[in-house]
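[1] Provided below are the primary sequence and the corresponding predicted coordinates.
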Amino acid sequence: MSTPPSLCEAQKQARNCGLDIPKLEALLKEIEPLSDKYKEIFYRAATGLYSADDLAEMFNHSQKNLNADFNKNLGSHLKDYLELDERVGITSLRRVLFKKGYCVDINDDELVRVLPTRYAENSESEQSFTVRQN
């Protein structure tokens, strides 16, 4: 069974937004059975790029129904599986996934070197300014 194009595109978009797709796939397997439609909603909501209104329009739902469906089909299971005190909704999904380590560590040596260099540059700039009192 292959992944439908729209779900594949949603996963690609989530990957581009820094999410760890294999880890998310494992998470979704824990709360199976889940339709491809809800998997796609999950990935698109996880990107943080779409509001509940956007997703409702994309999936031909009313916003109220989409939020209720998301909570019933995903949010309640995620709350239990991730051992959360809070409800997981469309708008809180990305924040929860980030806090729980479902984002890829994108630090690399080039990015790590920026901070010390920037700090040295800022220190030099600060020393070159003199403070005038009125």
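    Good, I have the coordinates. Numbers count the residues shown, from 1 in each chain.
[2] hey, let's count contacts and neighbours off CA atoms from now on
    Fine.
[3] Lowest mean pLDDT among the helices and strands, pick that one out for the chain.
    Sorting the helices and strands of the chain by mean pLDDT, DSSP states H and E puts helix 109-128 at the bottom, at a mean of 51.
[4] Who are the packing partners of the host helix or strand of Leu97?
    Using DSSP states H and E, Leu97 sits in helix 93-99. When contacts are defined as 3 or more CA pairs under 8 Å, 6 or more residues apart in numbering; DSSP states H and E, helix 93-99 sits against helix 36-47.
[5] so how far is the helix it packs on from its chain's centroid?
    In terms of CA atoms, centre = their mean, to the nearest Å, the centre of helix 36-47 is set 11 Å apart from its chain centre.
[6] any idea what sits nearest Tyr50, other than its immediate chain neighbours?
    Arg44 (6.9 Å; CA to CA, 6 or more residues apart in numbering).
[7] Check the gap between the one you found and Asp54 for me.
    10 Å (CA to CA, to the nearest Å).
[8] Pick out whichever of these two has more residues nearby.
    For the pair Arg44 and Asp54, the greater number of neighbours falls to Arg44 (23 against 14), based on other CA atoms under 10 Å.
[9] The more buried one touches Ala10, doesn't it?
    Yes - in this structure Arg44 lies within contact range of Ala10 using CA atoms under 8 Å: 5.7 Å.
[10] list the buried ones in the helix or strand encompassing Asp69?
    Assigned by DSSP H and E, Asp69 belongs to helix 63-70. Under the neighbour-count criterion of 16 or more other CA atoms under 10 Å, helix 63-70 has Gln63, Leu66, Asn67, Phe70 buried.
[11] Lowest-confidence one in these?
    Taking the buried residues of helix 63-70 together, the minimum pLDDT is found at Gln63 (81).
[12] Quick check, that residue in contact with Ala56.
    Yes - with contact defined as CA under 8 Å, Gln63 reaches Ala56; the gap is 5.2 Å.
[13] okay, the nearest residue to Ala46 once chain neighbours are set aside: pLDDT?
    Here the nearest residue to Ala46 in space, its sequence neighbours aside, is Arg94; by CA to CA, 6+ apart that works out to 4.6 Å. Turning to Arg94, the model gives it a pLDDT of 89.
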